[in-house]
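S.K.: can't give you the sequence, but here's the structure:
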């Protein structure tokens, strides 16, 4: 049995945060150049970690919350996700240090959590 476990990484950002405001305040040519730089860095990150990426994931769209009251549109800080394999949560977290999501793009953080097994009944 493998000693590697699955971890969900969720990308967080704010449409009204300071980083996003600064991003939109950039001249368009500068912002486009940063986008190209960011996508190249992201592609490099994926290539470097391709052996441990279980699910590339992707950007997330608008959120709908479903509860006993029905379905409502809400807003949250989730902007994307990726699933990786690692021996520990610490090892999984280290994969995302200086990630382009916040090092180049206006994302604010990445949170990494274990994907736990479904309890056996």
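M.R.: Arrived safely, thanks for sending. Note that the structure is a prediction, hence the values are computed from the model and not measured.

S.K.: residue 114 against residue 89, yeah?
M.R.: Yes: in terms of C-beta atoms under 8 Å, residue 114 counts as a neighbour of residue 89; the distance is 5.9 Å. C-beta coordinates here come from the backbone N, C-alpha and C atoms, glycine included.

S.K.: common neighbours of the two, please.
M.R.: When contacts are counted by C-beta atoms under 8 Å, 6 or more residues apart in numbering, residue 114 and residue 89 have residue 7 as shared neighbours.

S.K.: and the helix or strand containing residue 33, what other elements does it pack with?
M.R.: With elements taken from DSSP states H and E, the one containing residue 33 is helix 28-49. Helix 28-49 sits against helix 18-25, helix 100-103, with contacts defined as 3 or more C-beta pairs under 8 Å, 6 or more residues apart in numbering; DSSP states H and E.

S.K.: among those, which is nearest residue 51?
M.R.: When the helices and strands packed on helix 28-49 are compared for distance to residue 51 using C-beta to C-beta, the nearest one is helix 100-103, at 18.9 Å.

S.K.: for that closest one, buried residues please.
M.R.: 100, 101, 102 (16 or more other C-beta atoms under 10 Å).
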